[in-house]
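# Pasted the sequence and its predicted model underneath.
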Amino acid sequence: MEEIISTSTLWVLLGAVLVFVMQAGFCMLETGFTRAKNAGNIIMKNSLDFAIGSISYWLVGFGIMFGINNGFVGIFDLFTGQLGTGAYITPDGVAPSAWLIFQTVFCATAATIVAGAMAERTKFGAYCLYSAIISLAVYPVSGHWIWGGGWLAELGFHDFAGSTAVHFVGGLSALIGAAIIGPRIGKYTKGKPNAIPGHSLTLGALGVFLLWFGWFGFNGASTAAFDGDSVLLASDIFITTNLAAATGTLAAMLFTWARYKKPDISMTLNGALAGLVGITAGCDIVEPWAACVIGLVAGVIVVLGIEFVDKVLKIDDPVGAVGVHCFCGLFGTICVGLFATDGGLFYGGGAKLLGVQALGLLAVAVWVTVTMSLTFFCIKKTIGLRASREDEIQGLDTAEHGLESSYADFIPVTYAAETSSATTAIVNDTPYAPADGVKMNRISIITRTERFEALKNALTEVGITGMTVSNVNGFGMQSGNSEFYRGVEVKARLLPKIQVDVVVCKVPVETVVKAAKSALHTGQIGDGKIFVYNVENAVKIRTGEIGYEALQDDK
């Protein structure tokens, strides 16, 4: 048995931990970029694809990928029973079990990419079955060709940390799955895409930062060794990885700013991931300036790629997984043939390496297209791939998990200034006779949130001593502010407003309306509206008083 180097083994284990954190990143990103009614379902799918993938890969996947056999497939070793006996290709000096867990988290990354592209309409059971299949066979076979001593490795195909082996495989699987399952309800109207914004850019941003953090382990720990020159290589990889991510972010921000007249937040976040995916294949053999070029181009590719999938292919990908992982994985693999310091076209190496990289992409594309098309087609025809129309509209949290809301304990608290004694205003439907000679009105004012203090002060000055204020969302005939979400114009955007309700009888309605108009008028769209209703009667709950007396608070 070969000597185990403790530093190298610890380095690989640390890398496995960092890559595992990426699972949380994918979970947060996909949850934030989709609607709240499916948040729990997304969380479950990201949790289960890692759990199922871990077991499946340990069961037979690792043997198929790294078992010593032939150039096309490894060995069938149930439960990896021959691990540590020389039956596997593992890095020198690294404990075989450490390499197993490191590669397990890589396998889970490829599997979880698909969750985002097929989000909000895929049956939970169908997704679990898919996770098992890609981890058992699809990912391990192409992985064997690249990293397991297979025929592509023998040709000189270079994919250091997985632009093809992980991201292109996952991204192409996502494209195939999203195409077969079809778009979400309401995504397209007469062939034209409609924007369906995610519910939390905050979660999406957290996911991207977790992925960026984990990527240092994804690329850096792929050196396996951590002694001598390997430490220097790992340091260089950290630099190229970070530069590509940074320039990808910048490129996506500037490109969307020019294209949409405003810098798009979600596309900018995708730009960071685009740079990371693009640099992954060649992070060990490109110079920092080349990493910047790769990141800059990837940041533009991801924006155009997401638009192409959405508008031209008319495939619904809620999180941009295809643009990030498929297109930028392909681009990053080709860049090895251009920018590699040893054999790259721009370094005098000719087109040989570039040709090998292209051949590898083509072979993997054929393998994944055939196997994943069969996988999704068989699932569709057996247990069913897509949730029912009713379940999709209701939300998969409720339909598939019995969860009313993933945010049940985080219901927004209404910002309210209430009367000191509760009074019920009964509008148009009351068993009580109206008070003789007393006219009561409810005045409802809807306006911008930031104008509340000015409105409250104006109403107080004219004698209004009680009001109820609610946070509401809506839009008028202008359909809200004109904006774009991921390159698609948002037709009608709900805007945050406040609704102030007062019931008056002693203070004239005209006085209240005049005071409100004076406080709120700016002459711009969005100043708001005032509605006046007749109130049949009012009942003070504490004392039982009705009519005019119920609105007084002097006893």
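That came through fine.
# Straight-line length of stretch 187-197, end to end?
11 Å (CA to CA, to the nearest Å).
# who's in contact with that stretch?
Applying CB atoms under 8 Å, 6 or more residues apart in numbering, the set of residues contacting stretch 187-197 from outside is 35, 184, 186, 310-311, 314, 316, 318, 484-486, 488-491. C-beta coordinates here come from the backbone N, C-alpha and C atoms, glycine included.
# can we see that at 6 Å?
For stretch 187-197, the external contacting residues (CB atoms under 6 Å, 6 or more residues apart in numbering) are Asp310, Lys311, Asp316, Tyr485, Val488, Val490.
# Got a ChimeraX select line for the buried ones in these?
Once 16 or more other CB atoms under 10 Å is used to decide burial, the buried members of the contacts of stretch 187-197 can be selected in ChimeraX as follows:
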select :310,316,485,488,490
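# Reformat the contacts of stretch 187-197 as CSV; add distance to Gly299 and pLDDT.
CSV is the format used below for the contacts of stretch 187-197 (distance: CB to CB, whole Å; pLDDT from 0 to 100):
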residue, distance to Gly299, pLDDT
Asp310, 18, 97
Lys311, 19, 96
Asp316, 23, 98
Tyr485, 18, 81
Val488, 19, 83
Val490, 23, 75
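# out of the contacts of stretch 187-197, who's nearest Arg121?
Proximity of the contacts of stretch 187-197 to Arg121, judged by CB to CB, is greatest for Asp316, which lies at 8.4 Å.
# so how far is Leu13 from the closest one?
From Asp316 across to Leu13, the span is 39 Å (CB to CB, to the nearest Å).
# do the same with Leu361
Remark: distance between Leu361 and Leu13 (CB to CB) = 31 Å.
# returning to what we had before: now compare the contacts of stretch 187-197 and name the two farthest from each other.
Largest separation among the contacts of stretch 187-197 by CB to CB: Asp316 and Val490, giving 16.0 Å.
# contacts for the helix or strand Tyr533 falls within?
Secondary structure from DSSP states H and E places Tyr533 in strand 529-535. Among residues not part of strand 529-535, those counted as contacts by CB under 6 Å, 6+ apart are 425, 427, 440-446, 503, 509, 513, 516.
# Make JSON lines from the residues you listed and add neighbour count and secondary structure to it.
Shown next, in JSON lines, are these (neighbours: other CB atoms under 10 Å; DSSP: H, G, I helix; E, B strand; the rest coil):
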{"residue": "Ala425", "neighbour count": "20", "secondary structure": "strand"}
{"residue": "Val427", "neighbour count": "14", "secondary structure": "coil"}
{"residue": "Met440", "neighbour count": "24", "secondary structure": "strand"}
{"residue": "Asn441", "neighbour count": "17", "secondary structure": "strand"}
{"residue": "Arg442", "neighbour count": "17", "secondary structure": "strand"}
{"residue": "Ile443", "neighbour count": "21", "secondary structure": "strand"}
{"residue": "Ser444", "neighbour count": "15", "secondary structure": "strand"}
{"residue": "Ile445", "neighbour count": "27", "secondary structure": "strand"}
{"residue": "Ile446", "neighbour count": "19", "secondary structure": "strand"}
{"residue": "Val503", "neighbour count": "22", "secondary structure": "strand"}
{"residue": "Val509", "neighbour count": "17", "secondary structure": "helix"}
{"residue": "Val513", "neighbour count": "14", "secondary structure": "helix"}
{"residue": "Ala516", "neighbour count": "24", "secondary structure": "helix"}
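# coming back round to it: out of the contacts of stretch 187-197, which sit inside strands?
Tyr485, Val488, Val490 (DSSP state E).
# average pLDDT across the helix or strand containing Leu232?
Assigning secondary structure by DSSP H and E places Leu232 in helix 229-260. The predicted model gives helix 229-260 an average pLDDT of 97.
# Could you point out the helix or strand that follows it?
Secondary structure here is assigned by DSSP H and E; on that basis, the next helix or strand after helix 229-260 toward the C-terminus is helix 265-280.
# Show me what that next one is packed against.
With contacts defined as 3 or more CB pairs under 6 Å, 6 or more residues apart in numbering; DSSP states H and E, the secondary structure elements packing on helix 265-280 are helix 201-220, helix 229-260, helix 288-307, helix 328-339.
# if I've got this straight, Ser390 is in a helix?
One correction, residue 390 is Glu, not Ser. Yes - the assignment for Glu390 (DSSP: H, G, I helix; E, B strand; the rest coil) places it in a helix.
# Make 32 the first number, not 1, from now on.
Sure thing, new numbering starts at 32, so read that last one as Glu421.
# which residues sit in contact with Asn301?
Shown here is Asn301, whose contacts under the criterion CB under 6 Å, 6+ apart are Val333, Gly351, Val355.
# 8 Å - rerun?
Neighbouring residues of Asn301 by CB under 8 Å, 6+ apart: Ala283, Val333, Val334, Ile337, Gly351, Gly354, Val355.
# just Ala581 next, same as before
Counting by CB under 8 Å, 6+ apart, Ala581 touches Thr454, Ala569, Val570, Lys571, Thr574.
# tell me the secondary structure for the spatially closest residue to Phe110 that is not a sequence neighbour?
For Phe110, ignoring the flanking residues on the chain, the nearest one in space by CB to CB, 6 or more residues apart in numbering is Leu90 at 6.4 Å. Taking three-state DSSP as the rule, one finds Leu90 in the helix state.
# these two touch, right, Leu90 and Asp108?
No - using CB atoms under 8 Å, Leu90 is not in contact with Asp108, being 9.5 Å away.
# For the stretch 482-586 of the chain, just list every one of the strands.
With DSSP state E, counting those that start in this stretch, the ranges of strands along the stretch 482-586 of the chain come out as 499-505, 514-516, 519-521, 526-535, 560-566, 568-571.
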